[in-house]
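Enquirer: Model the structure of this input:
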Amino acid sequence: MPQDAPSPQYPREFADGYPIETPRQAGVGDYLAKNPHVAGMAMGGGENGTSPSDPRTIVVNHNNPMMYLPENRRGLQRIEAIRHKMGETHYNPSFQITPEMQAYRAESYKPTDPYSHDDLAFKQSIVSRAMVGDLPGPLLMSQRQQVFPTRHPTVQNADGSHSNVVIMGHSESNAGPVYAIPTMVDGRQLTSKEAITVAKRNGLQNYHQDKTPQEHNAWAKANHGRINEDGSINPQPTAVLSAANQFQQQFFPTNRLSP
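Expert: Below is the predicted model:
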């Protein structure tokens with residue numbers, strides 16, 4: 001199909017207020033033909049080598065087989081609309097690029113792709129894809145963490161409630177880290193002294209640690225009740241989801257961006 005031919009499959013329309021152009025109209029027909037893995041592009045406003053004064057538009061790559069499906073085109077158009085809004089507002093996500101994100105980046109993008117070396121563009125891409133539900137789970141969730149080397153089965157308390165761990169803080173010195181020490185191990189309540197003895201026997205380095213008592217208290221409060229029987233904590237949503245939710249609430253509060 002000619003890249004600039006109007007058709008029912010590729011109607012000229014708008015996505016969240018941004019006009020949709022064909023690749024040839026946007027001057028990227030040859031580039032997208034040679035790079036069918038690129039689903040589309042945000043053009044204008046300084047994006048992808050355009051002038052900051054150029055009108056912001058969205059381009060769908062008709063050479064990408066995934067773009068044959070209407071729902072995929074809508075998702076791509078929404079992602080690029082979000083990217084335009086990020087550019088207009090100078091949005092810079094505050095989260096750090098994790099090793100999992102870096103591994104995904106290396107596997108997914110060619111060295112010549114902007115996302116492979118432009119940290120800001122890569123982070124913006126992650127947030128925009130998270131907003132439309134098009135991001136692999138490993139990039140949205142933290143890893144399973146082993147915080148205690150001991151076992152913590154759930155037991156019934158005298159008052160009828162259930163628990164499997166009680167957490168106390170312990171530091172070897174005023175300047176040292178604060179270790180999170182469980183005072184319930186193997187279903188048995190320990191004294192503070194007993195709990196510290198067990199922790200030292202297993203190696204304090206194998207327990208979660210924080211820099212200050214304040215950080216320890218915050219961690220203990222957030223994770224009490226989340227400790228698994230094997231001493232691990234299940235994955236939790238990362239800062240990516242928080243960033244995506246905040247951006248959507250601020251700039252797309254009445255739009256349902258997910259396809």
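
Enquirer: Buried residues, the helix or strand of the chain with the lowest mean pLDDT. List them.
Expert: When the helices and strands of the chain are scored by mean pLDDT, DSSP states H and E, helix 137-140 comes last with a mean of 70. Using 16 or more other Cβ atoms under 10 Å as the test for burial, helix 137-140 gives 139-140. C-beta coordinates here come from the backbone N, C-alpha and C atoms, glycine included.

Enquirer: Walk me through the domains of this structure.
Expert: 1-90, 145-233 (automatic domain parsing).

Enquirer: hmm, back to that, moving along the chain from the least confident helix or strand of the chain, name the first helix or strand you hit.
Expert: strand 145-146 (DSSP states H and E).

Enquirer: Need the contact partners of that next one.
Expert: Residues outside strand 145-146 that contact it (Cβ atoms under 8 Å, 6 or more residues apart in numbering) are 206, 208, 230-233.

Enquirer: Run me through the strand neighbours of that strand, direction for each.
Expert: If you go by DSSP bridges, strand 145-146 pairs up with strand 232-233 (antiparallel).

Enquirer: Which residues are in contact with the residue located most distally from the centre of the chain?
Expert: Distance from the C-alpha centroid of the chain, by Cα atoms, centre = their mean, peaks at A158 (41.5 Å). Counting by Cβ under 8 Å, 6+ apart, A158 makes contact with nothing.

Enquirer: I'd like the distance between K34 and T150.
Expert: Applying Cβ to Cβ, to the nearest Å, the value for K34 to T150 is 57 Å.

Enquirer: after the longest helix that the chain contains comes which helix or strand?
Expert: When the chain is scanned for its longest helix (criterion: DSSP state H), the result is helix 70-88. Sequence order places helix 99-108 as the next helix or strand after helix 70-88, per DSSP H and E.

Enquirer: Now the element after that next one, going C-ward?
Expert: Next along the chain after helix 99-108, taking DSSP H and E as the criterion, comes helix 119-131.

Enquirer: Could you tell me the angle between that following helix and helix 70-88?
Expert: 140 degrees (axes from the mean of the first three to the mean of the last three Cα atoms, to 10 degrees).

Enquirer: List the buried residues for helix 119-131?
Expert: Buried residues in helix 119-131 (16+ other Cβ under 10 Å): 121-131.

Enquirer: which one of those is nearest S171?
Expert: K123 (35.4 Å; Cβ to Cβ).

Enquirer: Pretty sure that closest one sits against Q96.
Expert: No - the pair K123 / Q96 is not scored as a contact, 9.1 Å apart, by Cβ atoms under 8 Å.

Enquirer: ok so, going back, for the domains of the chain, give me TSV that also has mean pLDDT and distance to E100.
Expert: Shown next, in TSV, are the domains of the chain (pLDDT from 0 to 100; distance: least, Cβ to Cβ, whole Å):
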stretch	mean pLDDT	distance to E100
domain 1-90	87	20
domain 145-233	92	13
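
Enquirer: Out of those, which is the most enclosed?
Expert: Mean neighbour count (mean count of other Cβ atoms under 10 Å) peaks for domain 1-90 among the domains of the chain, with a mean of 17.

Enquirer: Could I get the contacting residues of L135?
Expert: By Cβ under 8 Å, 6+ apart, the neighbours of L135 are 126, 129, 240.

Enquirer: returning to what we had before: can I get the buried residues of helix 119-131 in TSV including distance to R201 and pLDDT?
Expert: Output for the buried residues of helix 119-131, formatted as TSV (distance: Cβ to Cβ, whole Å; pLDDT from 0 to 100):
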residue	distance to R201	pLDDT
A121	49	91
F122	44	92
K123	43	92
Q124	48	93
S125	47	90
I126	42	91
V127	45	92
S128	49	92
R129	46	89
A130	43	89
M131	48	90
